[in-house]
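this one's sequence-less:
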């Protein structure tokens, strides 16, 4: 069921696409119902959807080509809600009513042709432009940024990303529409350090004080210390007293992310009318049925939260 006409959005509003990488639907729903994600809760409930892929790369390639998560229970592709429709791979179908039709590799590049300034702020390694594979998806955007302090091993990464996004917004001259994509890596493993004790084997995770004033050093260090935490990410059996990733840590990471989003939303409100797409690209397992993390098919991995809304 189509809930919005993208042709009333494109060219008339900013577009913010937030991917909470690896966020599980069950955790998102539980935190919503318990009132522990108040910022996201203001903008409607999560829709239970089917993921377009079981890990970051295929899921994002699909989403950037217009294949966003599909509502659970949709069996006929013609019944799915379509925000962006590629005529190049439309299989002879007419664009669904309410979809924005585009040509080319991605709807992001099509928006740039419409006059949008397009920005990518990466999180997980598939957006780390120090590698060849990490350059692929950032290349769809006119401007793209990744920094070690945005990565999934840094507890304060969502804060760093939001700070950076707000500074980016402040540099855009008035009169320009913005399309910004942010890949938030906090839900991805490792996430054990979002629990209160924040330690593994007695070794602390990286603190904000180590990085905040030195986010943009090219060598990725602060006072000679690496950005990456010294703790361990454990998959499977672990030693007594050793902290590991878990559903509880995943939930704590989501609460941390939610607390950062209010500033981002306010910054976009100051720019003007903004349409937000917020979803996960896939879920992740923490030992259910013997499965750890993602990259394979399991109901928890294949089920994701999704919502879109206007600021």
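Alright, I've got the coordinates. Keep in mind it's a predicted model, so treat the numbers as computed, not measured.

Mind jotting down where the strands sit in the stretch 51-200 of the chain?
70-71, 84-86, 100-102, 117-121, 143-145, 178-184, 199-200 (DSSP state E, counting those that start in this stretch).

From the contact counts, what lies against the third one?
Identification of packing neighbours for strand 100-102 by 3 or more CB pairs under 8 Å, 6 or more residues apart in numbering; DSSP states H and E yields strand 84-86, helix 107-113. Placement of C-beta: from N, CA and C, glycine included.

weakest of these in terms of mean pLDDT?
Here the helices and strands packed on strand 100-102 differ in mean pLDDT, and the lowest is strand 84-86 at a mean of 90.

List of residues touching that one?
With contact meaning CB atoms under 8 Å, 6 or more residues apart in numbering, strand 84-86 is reached by 6, 65-66, 68, 95-96, 99-104, 107.

and which of these is nearest residue 195?
residue 68 (31.5 Å; CB to CB).

what are the phi and psi angles of the closest one?
When read as degrees, to the nearest 10, the backbone of residue 68 gives phi -80, psi 170.

So it sits against residue 74, correct?
No: taking contacts as CB atoms under 8 Å, residue 68 lies outside contact range of residue 74: 11.9 Å.

okay, these two: which has more neighbours?
residue 68 (23 against 14; other CB atoms under 10 Å).

quick one on the thing from earlier: which one, of the helices and strands packed on strand 100-102, ends up nearest to residue 125?
Per CB to CB, nearest to residue 125 of those: helix 107-113, 20.0 Å.

If you count contacts, what does that closest one end up packed against?
Using 3+ CB pairs under 8 Å, 6+ apart: helix 107-113 touches strand 100-102, strand 117-121, strand 178-184.

quick one on the thing from earlier: which of the strands of the stretch 51-200 of the chain sits most buried?
When you average the neighbours per residue for each of the strands of the stretch 51-200 of the chain (mean count of other CB atoms under 10 Å), strand 178-184 leads with a mean of 25.

Which residues outside it are in contact with it?
14-21, 60, 108, 111-112, 116-124, 126-127, 141, 157-158, 161, 165, 168-169, 172, 257, 264, 271.

Would you give the sheet partners of that strand, along with the direction of each?
The partner list of strand 178-184 in its sheet, established with DSSP bridges, is strand 14-20 (parallel), strand 117-121 (parallel).

Mind putting those into TSV with distance to residue 277 and mean pLDDT?
Shown next, in TSV, are these (distance: least, CB to CB, whole Å; pLDDT from 0 to 100):
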stretch	distance to residue 277	mean pLDDT
strand 14-20	5	98
strand 117-121	14	97
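
so can I have TSV of these showing distance to residue 311?
Formatted as TSV, the strands paired with strand 178-184 follow (distance: least, CB to CB, whole Å):
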stretch	distance to residue 311
strand 14-20	8
strand 117-121	17
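
and of the ones you listed, who's closest to residue 51?
Across the strands paired with strand 178-184, closest to residue 51 is strand 14-20 (CB to CB), at 11.2 Å.

which element follows the closest one toward the C-terminus?
helix 25-33 (DSSP states H and E).

Would you agree residue 155 is in contact with residue 195?
No: applying CB under 8 Å as the test, residue 155 and residue 195 come out as separate, 10.6 Å apart.

which one of these two has more residues nearby?
residue 155 (21 against 17).
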